[in-house]
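**Student:** I need the structure of the sequence given here:
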Amino acid sequence: MRRLVCAVAVSIGMLMGCGGAAELDTPEMLDTVEQGLACAYPDMSCPAASICADNDMCRPRCPSSGLCNNGSACRTAANGNAYCP
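**Tutor:** Prediction:
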């Protein structure tokens, strides 16, 4: 009888050591990464409705109102074209 109790106790102890909810090591918030389309080389062209900005990235053209869709003011590239940041 003592052997049976010891075997059950050892079995339960082993099962308790193996189980449990595994906690994943994940951050609370995942960062987002914005990517842009680079200007085409050698003519530095961009798709329609966008222009090549100072950092050689295609950016949306500035609307005639002077305000971008996100509410920010338009910026002016070195070549004089206005774009939305």
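**Student:** Which is the succeeding secondary structure element to the lowest-mean-pLDDT helix or strand in the chain?
**Tutor:** Using mean pLDDT, DSSP states H and E, helix 2-18 stands out as the lowest-scoring helix or strand of the chain, at a mean of 69. For helix 2-18, the following helix or strand on the C-terminal side (DSSP states H and E) is strand 50-52.
**Student:** Could you list every helix and strand in contact with the helix or strand just after that next one?
**Tutor:** Next along the chain after strand 50-52, taking DSSP H and E as the criterion, comes strand 58-60. The contact analysis (3 or more CB pairs under 8 Å, 6 or more residues apart in numbering; DSSP states H and E) places strand 58-60 against strand 50-52. Where C-beta positions appear, they are placed from N, C-alpha and C, glycine not excepted.
**Student:** got the contact list for the strand it packs on?
**Tutor:** Residues from elsewhere that reach strand 50-52 (CB atoms under 8 Å, 6 or more residues apart in numbering): 37, 39, 44-46, 58-61, 77, 79, 81, 83.
**Student:** Please repeat the previous calculation with a cut-off of 6 Å.
**Tutor:** Strand 50-52 has contacts (CB atoms under 6 Å, 6 or more residues apart in numbering) with 39, 44, 46, 58-61, 81, 83.
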